[in-house]
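> need a 3D model of the following:
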Amino acid sequence: MAGGQAMTARRIDARARFLPVGDTAFAVEFGDRIDPAINALVHRTAALLAEARPEGLVETVPSFRSLLVHYDPLRTSAQALQAFIGALELEDEAGQAPPRIWRIPVLYGGEAGPDLTEVAAATGLSAAEVIALHAGTLYRVYVQGFLPGFAYLGDLPEALDLPRRTSPRVRVPPGSVAIAQRMSGIYPVESPGGWHLIGNTPLRFFDPARTPPTLFTPGDGVRFVPVGADEHAAIREDVAQGRFVPDVEGAPA
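Modelled structure (predicted):
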């Protein structure tokens, strides 16, 4: 319990609404905005369903504020599954620390972060202030998507809130650390992209030979740690040789 405060549990049907999505799925919607407390309810519901495995459940797909529930209509009905889900109880997890916090080394600016100077100019900050703000924030892994291993990390400080680039890049190098609107993200592989590139990390965020294949899990915390060019190169070599173990903080008691 965060701060030693007791948490109250309420039924899901008192917290959410059910919305039909075709004839084999429905959404459990917990809110209408991107919010860490709402997102925590989404992922806790997914975890409870994974544990309970109710009859007819096929899979769940979490988003920022809702959970998509796929079911087999030959084994259950939307009404029956919604009744089961609605009776589940969720504790209010607002203020809870992430179960684990990844410390991600980042080389900011220069070739590693070609948009840092533009971001500084657009926000009225110095490059050093942009780095300090970005690296001084504890981010939450809201969801993963767009690319395997691409995590949407929030919430970016308001002072760094910028729209996407007007001209997306055709190629964004893997490991590029980027920002757009109130999100930060890391491109796991080379791909097109329209976010502002402010740095690069040598870590790998998707490996099909690894279990699980993605480094992050929704609900994790992420901190970015500025490093110099030499340290960045050394970590890249260690990653290539399989010697590097990412630094992970446990949740505070």
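
> mind listing what's buried along stretch 218-238?
218-224, 226-227, 232, 235-236 (16 or more other C-beta atoms under 10 Å). Heads up, the C-betas are built off the backbone N, CA and C, glycines and all.

> strands of the stretch 151-253 of the chain, start to end?
151-154, 169-172, 176-180, 183-186, 191-193, 196-200, 221-226, 247-250 (DSSP state E, counting those that start in this stretch).

> and the longest one, how far out from the chain middle?
Here the centre of mass of C-alpha atoms in strand 221-226, compared against the chain's by C-alpha atoms, centre = their mean, to the nearest Å, lies 13 Å away.

> and it, which strands flank it?
Strand 221-226 has the following strand partners under DSSP bridges: strand 100-108 (parallel), strand 139-144 (antiparallel).

> turn the ones you listed into a markdown table, including mean pLDDT and mean neighbour count.
Formatted as a markdown table, the strands paired with strand 221-226 follow (pLDDT from 0 to 100; neighbours: other C-beta atoms under 10 Å):
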| stretch | mean pLDDT | mean neighbour count |
| --- | --- | --- |
| strand 100-108 | 97 | 21 |
| strand 139-144 | 95 | 22 |
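
> and of the ones you listed, who's closest to residue 247?
strand 100-108 (4.1 Å; C-beta to C-beta).

> okay, and the helix or strand of the protein with the least pLDDT?
Least confident element among the helices and strands of the chain, by mean pLDDT, DSSP states H and E: strand 247-250 (a mean of 86).

> partners of it, with directions?
When DSSP bridges is applied, strand 247-250 pairs with strand 100-108 (antiparallel).

> please identify the buried residues of the longest helix belonging to the chain?
In the chain, with assignment by DSSP state H, the single longest helix is helix 36-52. By neighbour count with 16+ other C-beta under 10 Å, helix 36-52 contains the buried residues 36, 38-46, 48-49.

> nearest to residue 61, of those residues?
residue 46 (8.5 Å).

> spatially nearest residue to the closest one, not counting backbone neighbours?
Residue nearest to residue 46 in three dimensions, not counting chain neighbours: residue 60, with 4.8 Å by C-beta to C-beta, 6 or more residues apart in numbering.

> quick one: that neighbour from residue 66, how far?
If you measure residue 60 against residue 66 using C-beta to C-beta, to the nearest Å, the figure is 10 Å.

> repeat that for residue 102.
25 Å.

> ok, the nearest residue to residue 190 once chain neighbours are set aside - how many residues close by?
Computed as C-beta to C-beta, 6+ apart, the closest residue to residue 190 that is not its neighbour in sequence is residue 174, at 5.4 Å. For residue 174, the count of nearby residues is 19 (other C-beta atoms under 10 Å).

> quick check: buried residues in stretch 146-160?
For stretch 146-160, by 16+ other C-beta under 10 Å, it's 147, 149-157, 160.

> turn those residues into CSV, columns for pLDDT and distance to residue 112.
Shown next, in CSV, are these (pLDDT from 0 to 100; distance: C-beta to C-beta, whole Å):
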residue, pLDDT, distance to residue 112
147, 92, 19
149, 93, 19
150, 96, 18
151, 96, 19
152, 97, 21
153, 98, 18
154, 94, 23
155, 95, 24
156, 97, 19
157, 97, 21
160, 98, 17
